[in-house]
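1. make a model of this:
(chains A and B)
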Protein chains: 2
Amino acid sequence: MTVATLGEHAVLARILSRLPKTPTSVLVGPGDDAAIVAPERNQRLVVTTDAVVEGVHFSRPAFSPADVGHKALAVNLSDLAAMGAEPRWSLLSLVLPGSALVADIEALVDGYVALARRHGVAVVGGNITRTEGPLVVDVTAGGAVRPRRWLTRAGAKPGDHVYVSGTIGGALAGLEMMQAGRRETGDGSRETGDGSRETAPDPACIARQLRPEPRVRLGLAMARGRAARAAMDLSDGLADALRQVSAASGCGVRIDAAALPIEPGAAAWWDARGADAVMAAVAGGEDYELLFAVPAKGGGRLRAARRHAADPPLTRIGAFTARAGELVVTRDGVDEPLPAGFEHFGRG
Amino acid sequence: MTVATLGEHAVLARILSRLPKTPTSVLVGPGDDAAIVAPERNQRLVVTTDAVVEGVHFSRPAFSPADVGHKALAVNLSDLAAMGAEPRWSLLSLVLPGSALVADIEALVDGYVALARRHGVAVVGGNITRTEGPLVVDVTAGGAVRPRRWLTRAGAKPGDHVYVSGTIGGALAGLEMMQAGRRETGDGSRETGDGSRETAPDPACIARQLRPEPRVRLGLAMARGRAARAAMDLSDGLADALRQVSAASGCGVRIDAAALPIEPGAAAWWDARGADAVMAAVAGGEDYELLFAVPAKGGGRLRAARRHAADPPLTRIGAFTARAGELVVTRDGVDEPLPAGFEHFGRG
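-> The predicted structure follows:
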């Protein structure tokens, strides 16, 4: 049985089953967006690690070296944001092919550092290692939370509203646009065989794919203000996040297709191709927005948190239910099953 | 200019030059064995990251999957030990080829977890990512130090004695023995062309290569007991460590060839091949022993620290000098220059 045949989620489950029980100083262990450790009394340390791999998470020339550096840190900051943590430091581990250009590595570091500066993240160390294979950028990020003010995937209760930040679908549509651009030379807007004009690539969607913005202030405001009971980032898509938060919380979830904040350029892109934009946006990953479970009567706290982090907007898209295992998208009064999530792992 | 032509140390220097100045909450930043961060007052967090890559740091079948898991954590615990930190938690990031066998990944995790348990290290999280290239195991480890009780590479003073733990040269000789075993079938003991009998592979040397033991208790005892002024682990060899500690401390260093604790099987292996065992052992990497700068009048504290961590023994091999840039091995009354260090990076 190989890793490819078993698949990412099953391999992860096998690994998790082999890890020893964590001691009581580990407040949140493996399986959430990040871990929370209390190495000493009153210390709360949030740590996460995530890698991007050439040929799997990015390819050139669509991604510039600076894009790669940005994204490698952004996906980790997004994990911290999903815990409600304030990012503080990071470690940058580079696994470098001998043929990589030094100028590209420098540009990658510059892209990384630029994002780190914006969020006040100290680059405290790292490592470089050689490889005969593709470039791997593996980042570890650490942050701080106040005692009992963090957010995990567990904690949603039936009746809680489901909120999502920003827009969804843009990053997947952006990826499709870049892939289409590689297949077809030209400006990306072209005549198709049946004479209809296809939608041009949308810079906003491509930017979502290349330069995701971790929702650091929003996660922090929601956690500090106790505005949410659970949170997760949309690294593997809305459908995956809904499934994970529901499972961890022992709830079901129902979302309303009409309420979804689909990125306009993505909707147009899929509509022009006859694709189901709702299901594509729900399944698509890499938007790095945040999903929250907000108590139905928690409007006051929610408004207060939003004043601290007005950008991006939050949209109410449904509610958690008491029926564990229920995963429904309602469209035009009809219930449809939630689509499967997005697996980076299968994209290579 | 590619990464391969520029070389590891120069690439690292280029990267370090692009990192912003760390804030005052970072007590030790990039460039030492690990970083020390003070995210809150009275918090001291020590973090390090290091990766092992198939085809560069290990190859099969010489390394079992459990060996790989062990070594990936061991090299990180060794970095924490070199800071005098007590390891507390780790993150395991696996970059997996689709063709990897799930059973091998499970055995790798088991090898990792077994070492983690022995040192009381909680496995708090991690990540799995797919690759089209070789297996990469990237580990981040975190630990605790008491305020002002950590050890860096800087801090050695002229006249300080140089101590090294355990034996040196075993891991490099073990690697050469495994490589020779792959080239020659049979039991590894064979007739050479000139009729002399070669030395058989030494299990102790091979174990040093496959299963390095991080000197966690020793590093902790030396730091807590203020027995040393500087420390570094021998990941890239004694010569590299002497060079780095001398440079960081603004000292020179002179070591005595006759005093070196060369692993007996390694000395026999090199002697049988007509190689210079002293220079091979001084240059060779991956022993993961610790180097300390100990004040000449610090015998009392040194003995006290050794009572807390009797194993492995410490050997005095020389002294730091006031002549910055002096890097000398004295043999039979003759000064020889310190050999160049060991570069993992060039081994691929």
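2. can you count the residues close to the residue in the stretch 101-250 of chain A that chain B sits nearest to?
-> Here the residue of the stretch 101-250 of chain A nearest chain B is residue A:133; by CB to the nearest CB that distance is 1.9 Å. C-beta here means a position set from N, CA and C on the backbone, and glycine is covered the same way. For residue A:133, the count of nearby residues is 23 (other CB atoms under 10 Å in any protein chain shown).
3. do I have it right that it meets residue B:135?
-> No. Residue A:133 is beyond contact range of residue B:135, at 9.0 Å (criterion: CB atoms under 8 Å).
4. returning to that earlier point: find the nearest non-adjacent residue to the residue of the stretch 101-250 of chain A closest to chain B, please.
-> residue B:133 (1.9 Å; CB to CB, 6 or more residues apart in numbering or on different chains).
5. so who does the one you found touch?
-> A:53, A:55, A:131, A:132, A:133, A:134, A:136, B:95, B:97 (CB atoms under 8 Å, 6 or more residues apart in numbering or on different chains).
6. against residue B:266, how distant is the third one?
-> Yep, that's residue A:131 we're talking about. 28 Å (CB to CB, to the nearest Å).
7. convert the C-alpha atoms of the lengthiest helix in chain A to PDB, please.
-> Scanning chain A for the helix with the most residues, using DSSP state H, yields helix A:65-83. Output of helix A:65-83 as PDB, limited to C-alpha atoms (Å, rounded to 0.1, in the frame of the first residue of the first chain):
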ATOM      1  CA  PRO A  65      10.100  33.200  -6.300                       C
ATOM      2  CA  ALA A  66       8.700  36.100  -4.200                       C
ATOM      3  CA  ASP A  67       5.200  34.600  -4.500                       C
ATOM      4  CA  VAL A  68       6.500  31.300  -3.200                       C
ATOM      5  CA  GLY A  69       8.200  32.900  -0.200                       C
ATOM      6  CA  HIS A  70       5.000  34.900   0.500                       C
ATOM      7  CA  LYS A  71       2.800  31.900   0.200                       C
ATOM      8  CA  ALA A  72       4.900  29.600   2.400                       C
ATOM      9  CA  LEU A  73       4.600  32.000   5.300                       C
ATOM     10  CA  ALA A  74       1.000  33.000   4.500                       C
ATOM     11  CA  VAL A  75      -0.300  29.500   4.900                       C
ATOM     12  CA  ASN A  76       1.300  29.200   8.300                       C
ATOM     13  CA  LEU A  77       0.100  32.600   9.500                       C
ATOM     14  CA  SER A  78      -3.400  31.500   8.300                       C
ATOM     15  CA  ASP A  79      -3.200  28.500  10.700                       C
ATOM     16  CA  LEU A  80      -2.300  30.800  13.600                       C
ATOM     17  CA  ALA A  81      -5.100  33.100  12.700                       C
ATOM     18  CA  ALA A  82      -7.500  30.200  12.700                       C
ATOM     19  CA  MET A  83      -6.500  29.600  16.400                       C
END
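8. packing partners for it?
-> With contacts defined as 3 or more CB pairs under 8 Å, 6 or more residues apart in numbering or on different chains; DSSP states H and E, helix A:65-83 has these neighbours: strand A:45-53, strand A:86-97, helix A:102-118, strand A:136-144, helix A:203-210, helix A:216-224, strand A:230-233, strand A:290-294.
9. nearest to residue B:117, out of those?
-> strand A:45-53 (19.6 Å; CB to CB).
10. how far does that closest one sit from the chain's center?
-> 12 Å (CA atoms, centre = their mean, to the nearest Å).
11. what's the mean pLDDT across that strand?
-> For strand A:45-53, mean pLDDT is 92.
12. residue ranges with poor pLDDT in the stretch 151-300 of chain A?
-> A:184-198 (pLDDT under 70).
13. tell me which stretches of it form helices.
-> A:170-183, A:203-210, A:216-224, A:238-249, A:264-272, A:277-283, A:299-308 (DSSP state H, counting those that start in this stretch).
14. if we can go back for a sec, now the buried members of the contacts of residue B:133.
-> A:53, A:55, A:131, A:133, A:134, A:136, B:95, B:97 (16 or more other CB atoms under 10 Å in any protein chain shown).
15. quick check, nearest of these to residue A:161?
-> Using CB to CB, the buried ones among the contacts of residue B:133 come closest to residue A:161 at residue A:53, 36.2 Å.
16. I'd say the closest one and residue B:130 touch.
-> Yes. Proximity of residue A:53 to residue B:130 meets the contact threshold set by CB under 8 Å, at 6.9 Å.
17. shared neighbours, the two?
-> residue B:95.
18. can you redo the helices and strands packed on helix A:65-83 as CSV with distance to residue A:284?
-> Below are the helices and strands packed on helix A:65-83 laid out as CSV (distance: least, CB to CB, whole Å):
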stretch, distance to residue A:284
strand A:45-53, 17
strand A:86-97, 25
helix A:102-118, 22
strand A:136-144, 22
helix A:203-210, 10
helix A:216-224, 20
strand A:230-233, 14
strand A:290-294, 14
